[in-house]
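Chemist: Below are the sequence and a predicted model for it; my questions follow.
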Amino acid sequence: MANKVVATAFGGPDVLSVVEADVPEPGPGEVAIAVKAAGVNLFDYKIISGGLGADPDRLPLPVGLEVAGVVTAVGDRTQYESAWYRCCITVLGWFLEAAGVARDRHPQLLEQAVGGRFASWTEPDDTLLASVAECLAGQVADA
């Protein structure tokens, strides 16, 4: 079980609730993420306020889909050569660089990630995750 934030009705922030949810196994092309931080942005607000349509059959609506965390499981990876795959490799490379991982180790770690072999990875502690997130936020703020 995990917690997630959902909008139980259309409206403002007062319609948001934290609920428990099952964590399904990832399907083809999906990953499971142990979320360490999530953001609710303007697009989420437009959705929950009904600004993009207020169909009650869509409730409850999940929000906070911009996340940072640790990949814990990988679904079927038969579609490697997709735009999404290339995007993921690029972003993973950025995270490795931001975390100070030596560039000569990037290919091995990226291969482990896309090959779904996470058993050899050790989940970083929250202090390291916060440090990387703070570093990235500082770089964005300075840009």
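Modeler: Nice, thanks for sending it over. Numbers count the residues shown, from 1 in each chain.
Chemist: Angles on the backbone of the most centrally placed residue in the chain, please.
Modeler: The centre of the chain sits closest to residue 67, judged by CA atoms, centre = their mean, with a distance of 3.6 Å. Dihedral angles of residue 67 (phi, psi; degrees, to the nearest 10) stand at phi -130, psi 160.
Chemist: element containing residue 69?
Modeler: Element membership for residue 69 (DSSP states H and E) is strand 66-74.
Chemist: go on, residue 108?
Modeler: Here residue 108 sits within helix 106-115, counting by DSSP H and E.
Chemist: Show me the shaky parts of the chain.
Modeler: Within the chain, the segments meeting pLDDT under 70 span 77-88, 114-126, 128-130, 132-133, 136-143.
Chemist: And the helices in it?
Modeler: With helices called from DSSP state H, the chain shows them at 42-48, 83-98, 106-115, 126-142.
Chemist: So residue 92 versus residue 30, what's the distance?
Modeler: Distance, residue 92 to residue 30, using CB to CB, to the nearest Å: 16 Å. To be clear about C-beta, it is placed using only N, CA and C from the backbone, and glycine gets the same treatment.
Chemist: circling back: counting by contacts, list what the strand holding residue 69 packs against.
Modeler: Where contact means 3 or more CB pairs under 8 Å, 6 or more residues apart in numbering; DSSP states H and E, strand 66-74 is packed against strand 31-39, helix 126-142.
Chemist: Done for today, thanks.
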